[in-house]
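Novice: Let's see this in three dimensions:
(chains A, B, C and D)
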There are 4 protein chains.
Amino acid sequence: MLLVALLLAGLVLLALGLVRFAGRPWLGRTILETETTSGKVFDALLMLAIALSVLAVVLESDPLLRQHWSGTFLRLEWAFTLLFSLEYLLRLLLVAEPRRYATSFFGLVDLLAILPSYLGLLIGGGQLFLVVRVLRLLRVFRVLKLGAYLQEAELLWSALIAARRKITVFLLAMVTLVILIGAFMYVIEAGNDGFGSIPVAIYWACVTITTVGYGDVAPVTPLGRFMASVVMLIGYSIIAVPTGILSAEIGLKVLRPAEATSTGSGEFQTPQPEDPKPMIVCGACLKDGHDPDARHCKFCGAEL
Amino acid sequence: MLLVALLLAGLVLLALGLVRFAGRPWLGRTILETETTSGKVFDALLMLAIALSVLAVVLESDPLLRQHWSGTFLRLEWAFTLLFSLEYLLRLLLVAEPRRYATSFFGLVDLLAILPSYLGLLIGGGQLFLVVRVLRLLRVFRVLKLGAYLQEAELLWSALIAARRKITVFLLAMVTLVILIGAFMYVIEAGNDGFGSIPVAIYWACVTITTVGYGDVAPVTPLGRFMASVVMLIGYSIIAVPTGILSAEIGLKVLRPAEATSTGSGEFQTPQPEDPKPMIVCGACLKDGHDPDARHCKFCGAEL
Amino acid sequence: MLLVALLLAGLVLLALGLVRFAGRPWLGRTILETETTSGKVFDALLMLAIALSVLAVVLESDPLLRQHWSGTFLRLEWAFTLLFSLEYLLRLLLVAEPRRYATSFFGLVDLLAILPSYLGLLIGGGQLFLVVRVLRLLRVFRVLKLGAYLQEAELLWSALIAARRKITVFLLAMVTLVILIGAFMYVIEAGNDGFGSIPVAIYWACVTITTVGYGDVAPVTPLGRFMASVVMLIGYSIIAVPTGILSAEIGLKVLRPAEATSTGSGEFQTPQPEDPKPMIVCGACLKDGHDPDARHCKFCGAEL
Amino acid sequence: MLLVALLLAGLVLLALGLVRFAGRPWLGRTILETETTSGKVFDALLMLAIALSVLAVVLESDPLLRQHWSGTFLRLEWAFTLLFSLEYLLRLLLVAEPRRYATSFFGLVDLLAILPSYLGLLIGGGQLFLVVRVLRLLRVFRVLKLGAYLQEAELLWSALIAARRKITVFLLAMVTLVILIGAFMYVIEAGNDGFGSIPVAIYWACVTITTVGYGDVAPVTPLGRFMASVVMLIGYSIIAVPTGILSAEIGLKVLRPAEATSTGSGEFQTPQPEDPKPMIVCGACLKDGHDPDARHCKFCGAEL
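Specialist: Predicted structure coming up:
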């Protein structure tokens, strides 16, 4: 308890010192922006740190490695935690609207990346904390978000958004189908231990219709195997449906990128993915979607 | 026997009372229509009830849960049965042509949703009744049918209809292929217990060509494994065929939605899925497909 | 030996008698043509006979059924053999150029449908003969070939033909990939009994890259599992390649059916699948591909 | 050691003799070019030799075959090694710029095809050497590179190149997803031996999301199976993404081959795959991509 308080106090002091000595503008350019030279170096190092910290969490889960290298893992974990804590504090200090940042999606992910270690110290860490740390991976997308791959990701995303209703209809039909098939197979394969209850039979139907096919649950009666063959052929055939939907949408986007979407996608709640605007990111609140002629962030008012 | 008769009599009385006291127009707007406020609330509650009743059936199949909560499941089952019975009776009373409703697809599904419980009481319920209850899930589609997702479902459906001949040819070729492959593998893998008869070998061929791959039946001879590899590559390659068919059809629909379909789809037996007409549903027989200027249902003559 | 000779002599006499008494023109219209009323009835009965005879072969392979119904299966087998033999003889007698028919693809399939039973009588039937009988299924396609589904099958077929070079390149790359992956996994998973030789490792690579995944051979070392994950992701990604090829080809065909194919498909060896000519089948030699204004078969000279 | 030196000396002498007696121009036409008659014969023989040598390596790995035919395999291996060594030396002698050839991709592959046998003699061959020999398969692509299938391969390749950013984004999202899913399943399925560490759980997530589904690791808890079903449905749905991307790209290429690619593919580092130039290969350095009016190779300066 005391230890955590001391640690945090030390980190806050360090962050304040850094802001004072390195200079607010230079630090802002490095940490918040992504197009400056120092910003690029910082992003590269950050991605490396994220990758290494996730790798450490992943390897720590191996019983053998944990036994032999537990000390190393603990030290690595704290090194990364302190590093990310410092970065979080600096972002809070540098951003124009700290509260907006702290409650934004990436702000919460940044907090989630460091919280488990402190909580583990306070209330005894469980396995769940270990896994929450893997969520650090999501931080990678902040860096990517501002990269050259954005346009492509946006194309894919907008095709998904445009097809979202078709996909919903398709998934709903799939879920209904899987429940009905599961219920019938439960009756057909009565006596087969693998099909002991309808939920398990539904799990089997999922495994089969998606063509995964573990084989941990498999039909043994002739009728069950016949039904299973029919289910497989259905799954094999309807795999074409989402593909067809997306192909058509992506094809449309690629053919006429400006005009964009198809039937029924005219009433967007969130206009942002469709947006052909150039990528301008507010240095304060890290949000994008600004008009090319905007001078101030339309979300937090900071100068762009 | 007597109990069922009493129950039904009570339900009929309740339904008649409801119609008298709540008023026929208001009840009709609530239960039959989907665009009014009360209709939307009713549909939402109905979907919830359907989902919960199916969940109860699914969970009841688990041996452990059934043992500990058998009383709760029985009470839930009867609560839902009585609710759906009341709704069925109200629909029968409110609809202009009860006979047409009772013999329509959704009318039969509504009946199937309540029948098993009564039959279980009369002649002793078996497992099959339990499963028939899962068919209640199909009722969900009545609600959906009139929602915002209709247009998308119709697009998908009309693409499937337009591609139906290509899909038939494809499935026929698949079935022939699977039977031939099964017969040959039966000879090749003679002595392997997994391939004990041609039907089982055909089941294996299905499992393999659809890329499901349980592994409960698998080749062990070198020649068998070589043949299996060839079958896999065939399956992997021809998975493209249905996708290609559907992509082209959906692409066509999206590009020119009015004109629609491709070669050989000009002679529809059922013109309805292709129909670009607005969705007008007859309140009496629940059928759609009416012209925008129609004043009476073309199926049952009820006023629209 | 003698029995077979007697049987065949009897069949020939029966066929000759039939031709004499039923009349050559009527029999020709019934057996060879598919658009006349009697021809349609004959085709329907023939498809039924084929389906039943294949079903008998498939069910006979089941050890239990074979034990209890061996007599019935034997009698069924001979009934179908005699029926198909009679049909074969009649076709030979009715067709304008018997030799051409006998050496055509469907002529050979017709012969293969009856030969195994006679050979089984002469030299003792083995399992292989049993399976060859399943080839009767291919006869179904003769009937289909002249049906309403021809146009669709031709569209699919011509898309496959137009994409044949792309598919060849793709399959060659797949085979190379699978051999290389197999060889490396053999070294990585040395000591794992499942990967006992490179051929088995190649079989595993096939099972994995096509996403079949039996699980009869599976990696156990960390490096092997990492490699396997990479192979899966490759397989999952390149599954898109044949689909993309075919989608584009089918899309092209559907968009502009006359013009048809893409790059590099101008130099067809076999012009027939591309052929937009109407389907005219010669009653004598059963070949199609005649011009709309042709009066005589261009293959055998018989009047059309 | 001495043996290898003697062997190599003999080979060099043989190569020099061949060049002298067969004539440099004729040998060059045969070995380096692919459109001349002798060049086509040579390429066909080379492909046969490659296929046979790889087959020998693959079969040698089978314990039974290795035991009984070890002598034959050894002799075959040396026959192929000497043959390929001679070919490599001849190429070095005939090519205009030997150093450029020796450091090119295909030059290194040619060297890799013969090196393992000599190294095995010098330092004792391990299994790894055996496998490196399978890399000979890559040599097949040199022959293919200049064949009629080039255009199709280039179409596929350029579609892949044009879609490379979209595919990168997709693969990155997949890897993130797989790691996150693996970490959560590790916590959910704690106690299941199959999910003993996060790396294994990630392997399972890969197996599941790609729909491979070995079944060597499978969830057993109800929550784990529910999560697994969700993962399968995700995998089944996003399988559409790469397909959609590629279909659109290939469709574009096929529709307007000259203009080619979509958004964001204008800034190629390597312009060669997009190149609609005719295939002109430098006889010296084996590189292609020359302008139709080029007289000298733009890479090594040799005359074309």
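Novice: wait, does stretch A:222-234 contact chain B?
Specialist: Yes - shown here: stretch A:222-234 in contact with chain B (C-beta under 8 Å from any C-beta of the partner chain) through A:Pro222, A:Arg225, A:Phe226, A:Ala228, A:Ser229, A:Met232, A:Leu233. Using the backbone N, CA and C atoms, a C-beta is placed for each residue, glycine as well.
Novice: Return the residues in contact with the fourth one.
Specialist: Contacts here follow C-beta atoms under 8 Å, 6 or more residues apart in numbering or on different chains; on that basis A:Ala228 touches A:Met185, A:Thr208, A:Ala218, A:Pro219, B:Tyr203, B:Cys206, B:Val207.
Novice: Most neighbours among those residues, which one?
Specialist: A:Thr208 (31 neighbours; other C-beta atoms under 10 Å in any protein chain shown).
Novice: who's in contact with that one?
Specialist: Counted by C-beta under 8 Å, 6+ apart, A:Thr208 has contacts A:Ala228, A:Val231, A:Met232, A:Gly235, B:Val212.
Novice: Which strand or helix spans it?
Specialist: Applying DSSP states H and E as the criterion places A:Thr208 in helix A:198-209.
Novice: And A:Thr211, by the same measure?
Specialist: Secondary structure (DSSP H and E) places A:Thr211 outside all helices and strands.
Novice: what does A:Ala102 give?
Specialist: Assigned by DSSP H and E, A:Ala102 falls in helix A:98-103.
Novice: do A:Ser237 as well
Specialist: helix A:222-238.
Novice: Tell me how many other residues crowd A:Leu48.
Specialist: 10.
Novice: go on, A:Leu14?
Specialist: Neighbour count for A:Leu14, taken as other C-beta under 10 Å: 15.
Novice: Isn't it up against A:Leu86?
Specialist: Yes - with contact defined as C-beta atoms under 8 Å, A:Leu14 counts as touching A:Leu86 (6.2 Å).
Novice: And the closest residue to A:Ala113 other than its chain neighbours, how far from chain C?
Specialist: Nearest in space to A:Ala113, with sequence neighbours left out and distances taken as C-beta to C-beta, 6 or more residues apart in numbering or on different chains, is A:Arg136 at 4.4 Å. To chain C, A:Arg136 is 21 Å away according to C-beta to the nearest C-beta, to the nearest Å.
Novice: which residues touch A:Thr243?
Specialist: A:Thr243 neighbours (C-beta under 8 Å, 6+ apart): B:Thr243, B:Leu246, B:Ser247, C:Thr243, D:Ile239, D:Ala240, D:Thr243, D:Gly244, D:Ser247.
Novice: With secondary structure and pLDDT as extra columns, can I get those residues in JSON lines?
Specialist: Formatted as JSON lines, the contacts of A:Thr243 follow (DSSP: H, G, I helix; E, B strand; the rest coil; pLDDT from 0 to 100):
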{"residue": "B:Thr243", "secondary structure": "helix", "pLDDT": "74"}
{"residue": "B:Leu246", "secondary structure": "helix", "pLDDT": "74"}
{"residue": "B:Ser247", "secondary structure": "helix", "pLDDT": "73"}
{"residue": "C:Thr243", "secondary structure": "helix", "pLDDT": "74"}
{"residue": "D:Ile239", "secondary structure": "coil", "pLDDT": "74"}
{"residue": "D:Ala240", "secondary structure": "helix", "pLDDT": "73"}
{"residue": "D:Thr243", "secondary structure": "helix", "pLDDT": "74"}
{"residue": "D:Gly244", "secondary structure": "helix", "pLDDT": "74"}
{"residue": "D:Ser247", "secondary structure": "helix", "pLDDT": "74"}
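Novice: Count the neighbours of the residue lying closest to A:Phe195 once chain neighbours are set aside for me.
Specialist: Counting by C-beta to C-beta, 6+ apart, A:Phe195 lies nearest to A:Glu189, which is 4.1 Å off, once chain neighbours are set aside. By the other C-beta under 10 Å criterion, the neighbourhood of A:Glu189 contains 24 residues.
Novice: Break down chain A into its helices, ranges please.
Specialist: For chain A, the helices defined by DSSP state H occupy A:2-22, A:24-31, A:37-60, A:63-94, A:98-103, A:105-123, A:127-132, A:140-145, A:150-162, A:164-188, A:198-209, A:222-238, A:240-255.
Novice: Packed most tightly, which of these would that be?
Specialist: helix A:240-255 (a mean of 28; mean count of other C-beta atoms under 10 Å in any protein chain shown).
Novice: How far away from the center of its chain is that one?
Specialist: 24 Å (C-alpha atoms, centre = their mean, to the nearest Å).
Novice: same question, stretch A:63-77
Specialist: 27 Å.
Novice: what is the mean pLDDT for that stretch?
Specialist: For stretch A:63-77, the mean pLDDT works out to 88.
Novice: What of stretch A:193-201?
Specialist: 88.
Novice: which residues touch it?
Specialist: A:181-183, A:185-186, A:189, A:204, A:216-219, B:57-59, B:61-63, B:134, D:222, D:225-226.
Novice: same check, this time on stretch A:217-226
Specialist: By C-beta under 8 Å, 6+ apart, stretch A:217-226 touches A:185, A:188-189, A:192, A:194-195, A:200-201, A:203-204, A:207, A:227-228, B:199-200, B:203, B:214, B:216.
Novice: now with 10 Å?
Specialist: A:184-185, A:187-196, A:200-201, A:203-205, A:207-208, A:227-229, A:231, B:197, B:199-200, B:202-204, B:206-207, B:212, B:214-217, C:62, D:215, D:218, D:225 (C-beta atoms under 10 Å, 6 or more residues apart in numbering or on different chains).
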